[in-house]
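Asks: sequence unknown, structure follows:
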């Protein structure tokens, strides 16, 4: 019998990120996965590959979660990943659903600025996520920008800054934190920082190129989710996820879009 996990996230049409990346990652870990879609995102090749964003009706989000959690009981399904939620109404509905059932692991990939929204709407979305969903998380995987936003640091430029950010985010949320520095920080290594209030560990892998690869953040959070569903400790999950993502970046997929995409199928986790 496989381990189980599900993701509450958006669809990304080209397949590199979002719920598509989550399911591919779960599969590589040997975890049975399900999806509750919150929005549909498609790049617009006629407009500089910007984002087209369509939210799913909140009732439809609730219906999907109800179907998943009714099909697989609490003894099977104890782990959930939260990805892009998109709008405050969706965030409120997901927060309500998280309150209706106990989970051992709630992994939050805190997608803050919602691409495709106006700035005011994006800030409303950020605030709703921070106040309603972040307190329910047991593990948080913020990227560089999100780490600045959640920690209150004006700028994260090096390893010391990222460590401070991870500590502040843990203090704020109570969750284990894997703060993602990736290629954005100075130095030869792609650095992520794990902190759970007791253990601090800097995870390092040599940088693979100098440019961000699409889907790496989603995949890292999904890999953490899958590893936790299989019984790993948070630190073990962070280590496995880091290795998995590094291998996926090395095997990146190129396309006619102006970005490379991580390949989750590069290695069996």
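Replies: Happy to help now that I have it. This one's a predicted model, so the numbers in the text were calculated from it and none came from an experiment.

Asks: isn't residue 247 up against residue 268?
Replies: No: in this structure, residue 247 is not within contact of residue 268 by Cβ atoms under 8 Å, at 10.0 Å. For the C-beta atoms, the positions are set from N, CA and C on the backbone; glycine is no exception.

Asks: between the two, who's got more neighbours?
Replies: Applying other Cβ atoms under 10 Å to residue 247 and residue 268 shows that residue 247 carries more neighbours, namely 18 against 9.

Asks: using the three-state scheme, assign that one.
Replies: Each residue gets one of three states, and residue 247 gets helix by DSSP: H, G, I helix; E, B strand; the rest coil.

Asks: middle-most residue in this protein, spatially?
Replies: Closest to where the C-alpha atoms of the chain average out (Cα atoms, centre = their mean) is residue 109, at 3.0 Å.

Asks: which SSE is the closest residue to it other than its chain neighbours in?
Replies: Using Cβ to Cβ, 6 or more residues apart in numbering and skipping the chain neighbours, the partner closest in space to residue 109 is residue 221 (3.8 Å). According to DSSP states H and E, residue 221 maps onto helix 216-229.

Asks: go on, residue 73?
Replies: When elements are defined using DSSP H and E, residue 73 is found to belong to no helix and no strand.

Asks: tell me the pLDDT of the residue of the chain positioned farthest from its centre.
Replies: Note on the chain: the largest C-alpha distance from the chain mean falls to residue 46, namely 27.8 Å (Cα atoms, centre = their mean). pLDDT, the model's per-residue confidence, is 93 for residue 46.

Asks: phi, psi for it please.
Replies: As for residue 46, its main-chain torsions (degrees, to the nearest 10) stand at phi -90, psi 0.

Asks: repeat that for the one 4 residues further on.
Replies: For residue 50, the backbone dihedrals (degrees, to the nearest 10) come out as phi -70, psi 170.

Asks: what's the answer for the one 5 residues further on, then?
Replies: With angles defined as degrees, to the nearest 10, residue 55 sits at phi -80, psi 150.

Asks: in this structure it contacts residue 90, no?
Replies: Yes: here residue 55 reaches residue 90: they are 6.1 Å apart, a contact under Cβ under 8 Å.

Asks: now do the shared contacts for those two.
Replies: 38-39 (Cβ atoms under 8 Å, 6 or more residues apart in numbering).

Asks: distance check, the residue nearest to residue 109 against residue 75.
Replies: Distance, residue 221 to residue 75, by Cβ to Cβ, to the nearest Å: 24 Å.

Asks: what of residue 21?
Replies: Counting by Cβ to Cβ - residue 21 and residue 75 are separated by 27 Å.

Asks: which of those two has more neighbours?
Replies: Taking neighbours as other Cβ under 10 Å, residue 21 and residue 75 compare with residue 21 leading, 29 against 7.

Asks: now for that one: which residues touch it?
Replies: Shown here is residue 21, whose contacts under the criterion Cβ under 8 Å, 6+ apart are 12, 15, 215, 218-219, 222, 262, 264.

Asks: next: residue 33.
Replies: With contacts defined as Cβ under 8 Å, 6+ apart, residue 33 is in contact with 4-7, 22-23, 26-27.

Asks: re earlier: so for the residue nearest to the centre of the chain, what's the pLDDT?
Replies: The predicted local confidence for residue 109 comes out at a pLDDT of 98.

Asks: for it, give its distance to residue 225.
Replies: As defined by Cβ to Cβ, residue 109 lies at a distance of 9 Å from residue 225.

Asks: what does residue 235 give?
Replies: Taking Cβ to Cβ as the criterion, residue 235 is separated from residue 225 by 15 Å.

Asks: of these two, who's got more company?
Replies: residue 225 (32 against 18).

Asks: look up how far residue 81 lies from the more buried one.
Replies: Here the distance between residue 225 and residue 81 works out to 4 Å (Cβ to Cβ).

Asks: if I look at these two, which residues touch both of them?
Replies: With the criterion set as Cβ under 8 Å, 6+ apart, the overlap between the contacts of residue 225 and residue 81 is 5, 7, 22, 107.
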